[in-house]
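**Student:** Next comes the sequence, and after it the predicted model I'd like to discuss.
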4 protein chains.
Amino acid sequence: MVLDVSKQPQLPTTNIIQPQLLAASTDWFEYRVKAYPHQTDYAGMVWHGTYLTWLEEARIEWLRSIGVDFADLVAVGCSMPVVELSIRYHLPISMGVEAVIKTRMVEMKGVRLNLENEVRSPDATILYTTAQVTLVTVDLEKGKVMRQLPPVMKDALEKVRG
Amino acid sequence: MVLDVSKQPQLPTTNIIQPQLLAASTDWFEYRVKAYPHQTDYAGMVWHGTYLTWLEEARIEWLRSIGVDFADLVAVGCSMPVVELSIRYHLPISMGVEAVIKTRMVEMKGVRLNLENEVRSPDATILYTTAQVTLVTVDLEKGKVMRQLPPVMKDALEKVRG
Amino acid sequence: MVLDVSKQPQLPTTNIIQPQLLAASTDWFEYRVKAYPHQTDYAGMVWHGTYLTWLEEARIEWLRSIGVDFADLVAVGCSMPVVELSIRYHLPISMGVEAVIKTRMVEMKGVRLNLENEVRSPDATILYTTAQVTLVTVDLEKGKVMRQLPPVMKDALEKVRG
Amino acid sequence: MVLDVSKQPQLPTTNIIQPQLLAASTDWFEYRVKAYPHQTDYAGMVWHGTYLTWLEEARIEWLRSIGVDFADLVAVGCSMPVVELSIRYHLPISMGVEAVIKTRMVEMKGVRLNLENEVRSPDATILYTTAQVTLVTVDLEKGKVMRQLPPVMKDALEKVRG
């Protein structure tokens, strides 16, 4: 499988969020996590790479919440690799602490989705981490970016976009 | 330990690389890796979070190459958490494939280091991934960003900067 | 920290379960999981090491269910490293599949705990994995196995044992 | 893919090593590792599940050393899942410490391989961990244990067995 996303047309950076899209993304999907020993490092805090597992889990549950089963998608030969990810660590999370991974779609342009995440304390007062993640839809067999979203996904995402 | 990096003065973003600093970063440090099963996912490719383990390992070996032993640094109460990370996945890496993680310092400003990474094929012709990573030096006991770099580190990094 | 558990007196193997202890372990604690992409490998199944993260999470939630907060335990200088682990993989788990991690105490002898795990389908009809895990209680500062369990833990575990 | 290894004929446990097989396994294959932050936990030691990544990497390099490329094996539809694993943690490994993962075949019976591992200090004086791992050869497409080893593998392993 060879997947060349470098030749795909470039999107504007995720910092430039168009106003009409912001309107669509007011609802955050929330996914609860807790920091276990295997996710910590020598400093007693969650290791910085652990957040990518949480973002992924939150993303898949967000998809499920809008009617898309990720395993079903893969079963029909479609995958959604991350092609770009930016993350800022504002405050560390100690072992045993619970947090909420917030997820929302910022933009959908062809087969490219821009999502936004916040990691917050359950009462929302503490902001631990912020992230932007870009995904594309890929044909697993051909190893190529798809020309358009699979219908089930397009329908689900357009409903979210409002 | 409470580490509030959000109140630290903001650096210019890593996209704005000052010319005099670029000159200092011509030498890449290279660290060799290979994709093992535990690093792949259902698509048979390296899972996107695996790259953060490779970047970390490469960073620690780069530090060692300029005379800084990371474990010694931690032993004297100093840590270097990642506070910001951006990564772009240009091409996926299949299981069994070897790659080189290239690392160089782009900027050092107080206790903040901006590093740059490329993941390439051993013959350098294929660019798989690019990343920017920002680290700060933290006092592990106080859980606070240090006012200045530990001397051993400052000396080593200034030599790299030329 | 140097922890030499090899010099500890050897327990009978976990296969020899004493009858009076079996009586105490009829209740399984159940912890629900789901297989996400980061936990799979190239074969599209959960990677065999992933189960150790699930066993750990289940163990910590089991402790919480009997009144022991693991993070609190660590905060007072006590840790519970795994010193022995055996696992058999009967059937693989595919991406997206949900499972239940079942946990119960088989034996408590001094500061050594023998736990038993089963990974089953939510309806309990499929047995994916079985495991035995031995833990000891360690003084984090001294890096040594403790002579006796911390009181909070001893009380909680004796209640479980009945 | 459904893989039912539970119905396979049971081997004698790995503790009962037959004398004629021991003779064949005098040569250990050595694979060097180093403990990085992402592999540690809150106690500043290597997290117990990390060893399974090291055992896997060592196993794949051992296979390569006898002429079997694991990625090639997978490319022709053959996989080698772990079906049983026992590990004892004698002494913990601190961050920054280097170790050697020693691997040797103890027994080959049909498509079942029993391997043995030791994790030692580079000078071999400290024994950190011991492990036994059982693998079977599986047809990835059918999801079933193969009736016999792929020829390339059988030839390579029989040479090792002497």
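**Tutor:** Alright, I've got the coordinates. Numbers count the residues shown, from 1 in each chain, chains lettered A, B, ... in the order given.
**Student:** Specify the local secondary structure of residue A:153.
**Tutor:** Here residue A:153 is recorded as helix under DSSP: H, G, I helix; E, B strand; the rest coil.
**Student:** ok, the nearest residue to it once chain neighbours are set aside - how many residues close by?
**Tutor:** In this structure, residue A:153 finds its nearest non-sequential neighbour in residue A:68, 5.5 Å apart by C-beta to C-beta, 6 or more residues apart in numbering or on different chains. Yep, even glycine has a C-beta here, placed from its N, CA and C like the rest. As a burial measure, residue A:68 scores 18 neighbours (other C-beta atoms under 10 Å in any protein chain shown).
**Student:** Could you say which helix or strand holds residue A:60?
**Tutor:** Using DSSP states H and E, residue A:60 maps to helix A:50-65.
**Student:** List the buried residues in whichever helix or strand comes after that helix.
**Tutor:** Counting by DSSP H and E, the next helix or strand C-terminal to helix A:50-65 is helix A:70-75. By neighbour count with 16 or more other C-beta atoms under 10 Å in any protein chain shown, helix A:70-75 contains the buried residues A:70, A:71, A:73, A:74.
**Student:** from the residues you listed, which is closest to residue D:105?
**Tutor:** Nearest to residue D:105 among the buried residues of helix A:70-75 is residue A:74, at 35.3 Å by C-beta to C-beta.
**Student:** Just give the closest residue to the most centrally placed residue in chain A, not the sequence neighbours.
**Tutor:** The centre of chain A sits closest to residue A:59, judged by C-alpha atoms, centre = their mean, with a distance of 4.6 Å. Setting aside the residues directly before and after it, residue A:59 is nearest to residue A:103 in space (C-beta to C-beta, 6+ apart), at 6.0 Å.
**Student:** Keeping just the C-alphas, turn the longest strand anywhere in chain A into PDB.
**Tutor:** With secondary structure taken from DSSP state E, chain A has its longest strand at strand A:98-109. The C-alpha trace of strand A:98-109 is given here as PDB (Å, rounded to 0.1, in the frame of the first residue of the first chain):
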ATOM      1  CA  GLU A  98      -9.900  11.600  35.300                       C
ATOM      2  CA  ALA A  99     -10.300  13.800  32.200                       C
ATOM      3  CA  VAL A 100     -12.700  14.500  29.400                       C
ATOM      4  CA  ILE A 101     -11.600  14.400  25.800                       C
ATOM      5  CA  LYS A 102     -13.800  16.800  23.800                       C
ATOM      6  CA  THR A 103     -14.100  16.400  20.100                       C
ATOM      7  CA  ARG A 104     -15.800  18.400  17.300                       C
ATOM      8  CA  MET A 105     -15.500  18.800  13.600                       C
ATOM      9  CA  VAL A 106     -14.200  22.100  12.400                       C
ATOM     10  CA  GLU A 107     -14.200  21.600   8.700                       C
ATOM     11  CA  MET A 108     -15.000  18.900   6.100                       C
ATOM     12  CA  LYS A 109     -13.600  19.500   2.600                       C
END
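**Student:** Mind giving me the packing neighbours of it?
**Tutor:** Helices and strands touching strand A:98-109, as assessed by 3 or more C-beta pairs under 8 Å, 6 or more residues apart in numbering or on different chains; DSSP states H and E, comprise helix A:19-22, strand A:29-34, helix A:50-65, strand A:112-120, helix A:151-161.
**Student:** if we go to 6 Å?
**Tutor:** strand A:29-34, helix A:50-65, strand A:112-120 (3 or more C-beta pairs under 6 Å, 6 or more residues apart in numbering or on different chains; DSSP states H and E).
**Student:** Give me the residues contacting that strand.
**Tutor:** A:11, A:17, A:21, A:25, A:28-34, A:54, A:58, A:62, A:93, A:114-120, A:122, A:157, A:160 (C-beta atoms under 6 Å, 6 or more residues apart in numbering or on different chains).
**Student:** Of these, select the buried ones using a ChimeraX command.
**Tutor:** The buried residues among the contacts of strand A:98-109 can be selected in ChimeraX (16+ other C-beta under 10 Å) with this line:
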select /A:17,21,25,28,29,30,31,33,34,54,58,62,93,114,115,116,117,118,119,120,157,160
